[in-house]
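>>> Got a predicted structure here, sequence first:
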Amino acid sequence: MPDEINDVSMPKLGESVTEGTVGRWLKQVGDPVAFDDPLFEVSTDKVDSEIPSPYDGVLLEVLVAPGDTVPVGTPLARIGPPGAIGLGEHSPVDESVAPPGEITAPAPAGAVHEVTLPKLGESVTEGTVGRWLKAQGDPVAFDDPLFEVSTDKVDSEIPSPYDGVLLEVLVAEGETVPVGTVLARIGEPGATAPAAVPRQQPAPAQPAPVQPAAVPANAGNGKGRLLSPVVRRLASDNNLDLARIRGTGGGGRIMREDVLAALAASPAAETLPAAAAQPAAAQSAAAQPAAARPAPAGRAPQPLAGDRDEVLEMSRVRLVTAERMVESRRTSAHVWTSIEVDLEAVEQVRQRHKAAFRQAEGASLTYLPFIGRAVCDGLRAFPPLNCSIDMDARTITLHHYVNLGIAVDVAGLGLMAPVIRDADGLNLRGLARAIRDVGTRAKERKLGSADLTGSTFTISNPGPMGTYASAAVINQPNVAILTTEGVARRVVAVGDAIAVHHTCVLGLSYDHRALDGVVAAQFLAYVRDALQTRDWEAELA
């Protein structure tokens, strides 16, 4: 509701984090703030973070001074509607005044806390509420699972930031709302949930305006724009031209509601130009039985399921993976190249150290840490492989650090790529621990959204399945991904002699927009030479 005063609370910045220390306030009382503007700094025992504002409006009050350490969930500040006047630090706020046009129930005794949709990733701006794990009137404890939420990156179970009683659920299961939306209210322990009170219905929302039909030839259908899979799927299913819809989200982003409003307003007006070429007979298609209608343009006709077929609903992770893979193929100019590597030196080191390593680390010493270590050094030697590209801005951003994504197949869920941050700063043993940690947490489904974002390069490891050569799809916004294939004993030439060594193929998919084949080949040669000639014995000592 636009005229509400919203509390900004201490966020939970880690699974075991229970408190944080407020650093600098980056806005002053009375300053206007926009959603996602940096608002304040916070330090925990794990990380220092810059926290963005969850609301648009004006900073009315600062309730916690810099340097104070407070529990997660503590209100730190209040943000009022745009145009409001700041109340100053620790000034009283009259919260008994209802926003215009709203009828409110008597407030329960004690404080009432608002639970908002958290920001679950760097580029996440909305989420879909899944199941509510508590019902209205239920007691809740701090950190109790409260509800599930799905974004275009991850499915998460959100814990309660407060102790008390769930007074109201404001957003129903299945609804998609922006980050910062108030989802529920929690009162102090012992409070009674109020009966639902009728509210004055707002005027019907006007459909999102349709922009003029002139669309750049290279605009695609939302190509290059930050859009959720839900929006892209709605556009695809309804043959909708996203270039003609004005978004109402942050920065003009097209939201699900904008697409639905446009479809309701004039379903034919915003369809892609190709739709105009459909024969007139298609206008009567709605009158045909469903089984007799032709498949939508651009899709292969789907066979009907028979007695021996099983139809399964795609999981959200499978849907998101499908969307990302297709989008990656549309976005990047994929090229694949490979190199054969003699791993006999690595194998000899593994054999000499595997027993001691298992005793010390509780896990096997695999080939992957050796490859990951060589890759990190190779990325520092060849920065174009460790970059992001923005064709709209005509820029390439070189990353002078390596956030290494490791593809992990999670049984029953799908493929994920958790990120090892600053992997180039780890030695061989440290990288082995980090790879095992992200793999274990992925399979135990203990990853958060922050664990799945921010990679600068990705390794996919199908080798344990005995593969020979794979061409992986690039993990956006990376410009390259390396596959590590199956290790096998093969005949090789060693000088003028013949020997049987452990070898494998490393395959590199890269974006030809960001680099050329010579750089890709040089990078692979660097990684090969490092694996074959480095003193790995010293790294494990």
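That came through fine.
>>> Mind naming the longest strand for this protein?
strand 497-511 (DSSP state E).
>>> Could you count how many residues lie near Thr456?
Thr456 has 26 neighbours, counted by other Cβ atoms under 10 Å. All C-beta spots, glycine's among them, are computed from the backbone N, C-alpha and C.
>>> who does the longest strand of the chain pair up with?
strand 334-342 (antiparallel), strand 480-484 (antiparallel), strand 488-494 (antiparallel) (DSSP bridges).
>>> Out of these, which one sits most buried?
strand 480-484 (a mean of 25; mean count of other Cβ atoms under 10 Å).
>>> Need the residues that contact that strand.
For strand 480-484, contacts defined as Cβ atoms under 8 Å, 6 or more residues apart in numbering pick out 367-368, 371, 375, 385, 457-463, 467, 469-475, 504, 506-511, 515, 520, 527.
>>> next one: stretch 36-50
8, 10-11, 13-14, 17, 19-27, 33, 51-53, 59, 76-77, 250.
>>> buried subset of those?
8, 10-11, 13-14, 19-23, 25-27, 33, 51-53, 59, 76-77, 250 (16 or more other Cβ atoms under 10 Å).
>>> out of the contacts of stretch 36-50, which are inside strands?
Per DSSP E, the contacts of stretch 36-50 map to strands at 8, 19-25, 33, 51-52, 59, 76-77.
>>> what's the most distant pair in those?
Glu19 and Val33 (24.2 Å; Cβ to Cβ).
>>> Just give me the closest of the ones in strands among the contacts of stretch 36-50 to Leu319.
Using Cβ to Cβ, the ones in strands among the contacts of stretch 36-50 come closest to Leu319 at Pro52, 27.6 Å.
>>> isn't that closest one right up against Thr125?
No - contact between Pro52 and Thr125 fails when scored by Cβ atoms under 8 Å: they sit 11.2 Å apart.
>>> And for Ile474, the neighbour number?
Other residues close to Ile474 by other Cβ under 10 Å number 22.
>>> Sticking with it, tell me its helix or strand.
Mapping Ile474 onto the secondary structure by DSSP states H and E places it in no helix or strand at all.
>>> List the contacts of it.
So, once contact is read as Cβ under 8 Å, 6+ apart, Ile474 ends up touching 328, 332, 334, 458, 480-481, 509-511.
>>> Find the pair from the residues you listed with maximum spatial separation.
His334 and Thr458, at 13.8 Å, using Cβ to Cβ across the contacts of Ile474.
>>> Tell me the span between the first and last residue of stretch 479-499.
37 Å (Cα to Cα, to the nearest Å).
>>> Let me see the mean pLDDT of that stretch.
Mean pLDDT, computed over stretch 479-499, is 95.
>>> Please tell me how far Gly187 sits from Val171.
18 Å (Cβ to Cβ, to the nearest Å).
>>> Please read the previous query as pertaining to Pro75.
For Pro75, the distance to Val171 - Cβ to Cβ - is 21 Å.
>>> Touching, Ala24 and Pro66? I think so.
Ala isn't right for residue 24; it's Arg. Yes - at 5.9 Å, Arg24 counts as touching Pro66 under the criterion of Cβ under 8 Å.
>>> Would you map out the domains in this protein?
Annotated domains of the chain cover 1-104, 229-275, 322-540 [automatic domain parsing].
>>> Name the SS class of Ile435, please.
helix (DSSP: H, G, I helix; E, B strand; the rest coil).
>>> just the helices in the stretch 251-400 of the chain please.
Using DSSP state H, counting those that start in this stretch, the helices of the stretch 251-400 of the chain run over residues 256-265, 316-331, 344-361, 368-381.
>>> now the second one: how far from the chain's centre is it?
Averaging C-alpha positions (Cα atoms, centre = their mean, to the nearest Å) puts helix 316-331 13 Å from its chain's average.
>>> now the angle from that helix to strand 334-342?
Angle, helix 316-331 to strand 334-342, by axes from the mean of the first three to the mean of the last three Cα atoms, to 10 degrees: 100 degrees.
>>> Report the backbone C-alpha coordinates of helix 316-331 in CSV.
Once non-C-alpha atoms are left out, helix 316-331 reads as follows in CSV (Å, rounded to 0.1, in the frame of the first residue of the first chain):
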residue,chain,number,x,y,z
ARG,A,316,10.5,-25.6,-11.1
VAL,A,317,14.3,-26.3,-11.2
ARG,A,318,13.8,-28.2,-14.5
LEU,A,319,11.7,-25.4,-15.9
VAL,A,320,14.2,-22.8,-14.9
THR,A,321,17.1,-24.9,-16.3
ALA,A,322,15.3,-25.3,-19.6
GLU,A,323,14.6,-21.6,-19.8
ARG,A,324,18.2,-20.7,-19.0
MET,A,325,19.7,-23.2,-21.5
VAL,A,326,17.5,-22.0,-24.4
GLU,A,327,18.2,-18.3,-23.4
SER,A,328,22.0,-19.1,-23.3
ARG,A,329,21.9,-20.6,-26.8
ARG,A,330,20.0,-17.5,-28.0
THR,A,331,22.4,-15.1,-26.3
